[in-house]
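# here is my input, please return the structure:
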Amino acid sequence: MKVLLKTGKKYVIIFKKGREKMSVILIAEDDREINHLLCEFLSTQGYMTISAQNGLEALSLIKERTDISLVLLDMMLPYRSGDAVLAEMRGFTDIPVIIVSARDAVRTKVDVMRMGADDYVTKPFDLDELLARTEAVLRRYSRGTDSDDKKSGKIMYKSLVLDRVSGAVTVNGIPVVLTAKEYAILELMLLNPKKLFSKANLFESVWNEPYFSSDTTIKVHMSNLRSKLKEISPDEEYIETVWGMGYKLKE
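Reported below is the predicted structural model:
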């Protein structure tokens, strides 16, 4: 069991031998001790880690490096807050982001999920849970962008084109920046154009986890996806809500 325990300013980690992975994780955390411990812990799990201690440094690394697979992003960063970093990121990249924050208000979590965060972990946290969430996000992102079955080519629907080789999505020829989950939801629906998906269908297919009826995750991500499509093509509707049942592509 690997646990991050907060006692005053001390954090204790018990390590377990990791596995071979090549993913690069950026840890954007201004607390030097937490940053260092997360870097050490994830390194023992086989990940490559780089760190930033303020929002400007984090954005600079994200823009400069092409090998970052995931960002662990603290909300309370100096110079540029975590939510500001996330908002700017989503203008040019779909690198998955896990928010790691002491803020546990539901409103805060919903807001950052709408902005494009892929998951949210509240401090103090169990390192086993953080590792599991990290692996789950990377697995979903890899499945959405690097899976063998995407080599079949492009999927076209109305003026939308999803390229399963490059992972790019365009509407009227204009690129749409999607998170890994948004891409996976859209791809799943495009591959099954006649299917009516319940929230449970979508969640269990994309997140590969059991669905809980009180979970608003699908609603938030679907709203975000539809907003991005509508921003480029305001007169066209791609996804239809069937009240009380779920979602389907609008014919």
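# please enumerate the strands of the stretch 151-251 of the chain.
If DSSP state E, counting those that start in this stretch is used as the criterion, the strands of the stretch 151-251 of the chain fall at 154-157, 160-163, 169-171, 174-175, 239-242, 246-249.
# need the contact partners of stretch 48-64.
22-30, 32, 35-36, 38-39, 42-43, 65, 68, 71, 73, 77-82, 84-85, 88-89, 92-93, 95 (Cβ atoms under 8 Å, 6 or more residues apart in numbering). The way it works is simple: take the backbone N, C-alpha and C, and place the C-beta from them, glycine included.
# now stretch 74-86
Outside stretch 74-86, the residues touching it (Cβ under 8 Å, 6+ apart) are 28-31, 53-59, 73, 88, 97, 99-103, 108, 111-112, 115-117.
# equivalent analysis for stretch 189-200, please.
Contacts for stretch 189-200 (Cβ under 8 Å, 6+ apart): 155, 157, 160, 162, 188, 205, 211, 215, 218-219, 239, 242, 245-249.
# list the buried residues of it.
Buried residues in stretch 189-200, counting neighbours by 16 or more other Cβ atoms under 10 Å, are found at 189-190, 197, 199.
# also stretch 176-191?
176-190.
# could I have stretch 171-186 exported to CSV, CA atoms only?
Extracted C-alpha coordinates of stretch 171-186, given in CSV (Å, rounded to 0.1, in the frame of the first residue of the first chain):
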residue,chain,number,x,y,z
VAL,A,171,-15.6,20.5,-38.6
ASN,A,172,-15.9,22.4,-41.9
GLY,A,173,-12.1,21.9,-42.2
ILE,A,174,-11.5,23.7,-38.9
PRO,A,175,-9.6,21.6,-36.2
VAL,A,176,-11.5,20.8,-33.1
VAL,A,177,-9.3,20.4,-29.9
LEU,A,178,-10.8,17.6,-27.9
THR,A,179,-9.7,15.9,-24.7
ALA,A,180,-9.0,12.1,-24.8
LYS,A,181,-12.4,11.4,-23.3
GLU,A,182,-14.3,13.7,-25.7
TYR,A,183,-12.5,12.1,-28.6
ALA,A,184,-13.3,8.6,-27.4
ILE,A,185,-17.0,9.5,-26.9
LEU,A,186,-17.2,11.0,-30.4
